[in-house]
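Asker: Pasting a predicted model and its sequence here:
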There are 2 protein chains.
Amino acid sequence: MNIDTKLSIHAALEAGSRAGIPQPSLNRLPQYHHYLAELNSKGISRVSCSLIGTDLNLVPVQVRKDLQYTGIVGKPKTGYSVPELIQAIESFLGWNNVNEAFLVGAGNLGTALLGHERFSNFGLSIVAAFDADPEKIGQWIHGKAVLPLEKLADLAQRMSIHLGIITAPAEFAQAIADEMVRGGIQALWNFAPVRLKVPAHIIVHNEDLYSSLASLSWKLARRYRVPIQQDGGFH
Amino acid sequence: MNIDTKLSIHAALEAGSRAGIPQPSLNRLPQYHHYLAELNSKGISRVSCSLIGTDLNLVPVQVRKDLQYTGIVGKPKTGYSVPELIQAIESFLGWNNVNEAFLVGAGNLGTALLGHERFSNFGLSIVAAFDADPEKIGQWIHGKAVLPLEKLADLAQRMSIHLGIITAPAEFAQAIADEMVRGGIQALWNFAPVRLKVPAHIIVHNEDLYSSLASLSWKLARRYRVPIQQDGGFH
DNA sequence: CTAGTATCGCTACGTGAATATCGATACGAA
DNA sequence: TTCGTATCGATATTCACGTAGCGATACTAG
């Protein structure tokens, strides 16, 4: 019995590692990348997990495990080669190939993203913006044209755009997502605070500022609340 | 000194569990809130977990469990009262009391957040912006003054500001965080792609766009990659 | 040349979150 | 009134991530 369970756990783990990488590890990789780029610019060519750990507030084991997912191997006592590590992370994350993206919703947040030229370092290029507001259509924001929303699906198909960014208000997000899917877009980066309904093969990543804000304000509010009994709050 | 860092790591990791509500649940609460507000505006007064689940793409059990954390109780067969539920979520998240915040880094993203008036619905009020760039100091962005960074700590103390938002480039983030802590700020909302080192009692919430982008581009790249040989990819 | 030590890689364990299952309760229909 | 059903609440199982410990390896000092 326990052999069975052990085996199945093992299989699950194997499958997990082969098919993917834990989400938290994936989230940490860009931080390693940023840190390593800094080291590299200082001319440091080798680095150990312990060093990364102390500088980034992580325990060395975790760093090592994360880096293993990229496929790189280090040498005992020596550590890792910084340039190789950077290269490994970039290639693992697909930052070598440029992703062209469409953005919908040329409001404050959309404008900010359009102007964020550093995205190009990470394989992201926003090629055009879309909006439903006639006032905005025809404008140029940070060198990108604002086009009418109706043209999105057709253009996406002809230009083989794979990534869509939604920075429109929540009530329009679902309709926009539908249009994007219709245009053959494969992945959505959604900044609206809704859970989009899309076909199963579409990748959706939600970037919900209100969720984060909820976390924060809850933790903050909690601090000034009367001291809570850990479990005894009830009955 | 390293005791401090250990503590902060520990605190960050355990914050969710010690608090009594899982982080993911906390993140979903604003979505329920948004959804319920919509129902409420339609005049619907009662709702069941199953309904919420189908509309939000979640399984009913999960919805029920999340809602339980707010302390509300439902009635079998009837479900929950929509207004009570909204009230419970708002009070649980601390959205009834206003959090005043300082923002540092009046770039694209900072400007976007300053202009996002809907934050006021969620208990957040950004009262002033700060920057180190003399060009920006003295300007008014969306009705908020841009002040010199040196004044932050003193002002924060005098105005009892508890929340700091960092939208500056990564290389300045740590210094800014230090200033905020010096000014008595309790919680940081950090949009820079770095792990801040702060005393253990400070709440930090990282909003790392590059992490998200990494997730996305990895998943997207993976789709077009040839089936992966686990170890053979390199050399 | 040998011993010591820092670091990597692997396996095993523990904890917390998601999910499934079971019993309890309230409303509606016969 | 009584039975059926939808829904809530509580408990148990499964799964994923983080953590710890062990052995292996390579550099360095004497």
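Answerer: Here it is on my side, so go on. Numbers count the residues shown, from 1 in each chain, chains lettered A, B, ... in the order given.
Asker: Lowest-scoring secondary structure element of chain A by mean pLDDT?
Answerer: helix A:2-19 (a mean of 35; mean pLDDT, DSSP states H and E).
Asker: okay, now the domains of chain A?
Answerer: Domain assignment for chain A by automatic domain parsing gives A:2-93, A:99-212.
Asker: could those be laid out in a markdown table, adding mean neighbour count?
Answerer: In short, each C-beta sits where N, CA and C put it, glycine included. Converted to a markdown table, the domains of chain A look like this (neighbours: other Cβ atoms under 10 Å in any protein chain shown):
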| stretch | mean neighbour count |
| --- | --- |
| domain A:2-93 | 16 |
| domain A:99-212 | 19 |
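Asker: Let me see the ranges of the strands in chain A.
Answerer: A:46-47, A:80-81, A:99-104, A:124-131, A:140-141, A:144-148, A:163-166, A:187-190, A:203-206 (DSSP state E).
Asker: Read off the pLDDT value for A:Asp154.
Answerer: Note on A:Asp154: pLDDT of 97.
Asker: Same question for A:Lys77.
Answerer: Note on A:Lys77: pLDDT of 86.
Asker: just A:Ile166 next, same as before
Answerer: 98.
Asker: Kindly state the beta-bridge partners for the nearest residue in space to it that is not next to it in sequence.
Answerer: Leaving out its chain neighbours, the residue that sits closest to A:Ile166 by Cβ to Cβ, 6 or more residues apart in numbering or on different chains is A:Asn190, at 4.7 Å. Beta-bridge pairing for A:Asn190 (DSSP bridges): A:Ile166, A:Asn206.
Asker: Contact partners for A:Asn190?
Answerer: Contacts for A:Asn190 (Cβ atoms under 8 Å, 6 or more residues apart in numbering or on different chains) come out as A:Ile166, A:Ala173, A:Ala177, A:Leu196, A:Val204, A:His205, A:Asn206, A:Glu207.
Asker: Any chance of JSON lines for these, columns distance to A:Val61?
Answerer: As requested, the contacts of A:Asn190 are arranged in JSON lines below (distance: Cβ to Cβ, whole Å):
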{"residue": "A:Ile166", "distance to A:Val61": "38"}
{"residue": "A:Ala173", "distance to A:Val61": "40"}
{"residue": "A:Ala177", "distance to A:Val61": "40"}
{"residue": "A:Leu196", "distance to A:Val61": "36"}
{"residue": "A:Val204", "distance to A:Val61": "32"}
{"residue": "A:His205", "distance to A:Val61": "28"}
{"residue": "A:Asn206", "distance to A:Val61": "30"}
{"residue": "A:Glu207", "distance to A:Val61": "29"}
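Asker: coming back round to it: which one of the domains of chain A lies nearest to DNA strand C?
Answerer: domain A:2-93 (3.2 Å; Cβ to the nearest atom of the strand).
Asker: Could you list the residues of chain A in contact with DNA strand C?
Answerer: A:48-51, A:60-61, A:64, A:67-68, A:73-80 (Cβ under 7 Å from any atom of the strand).
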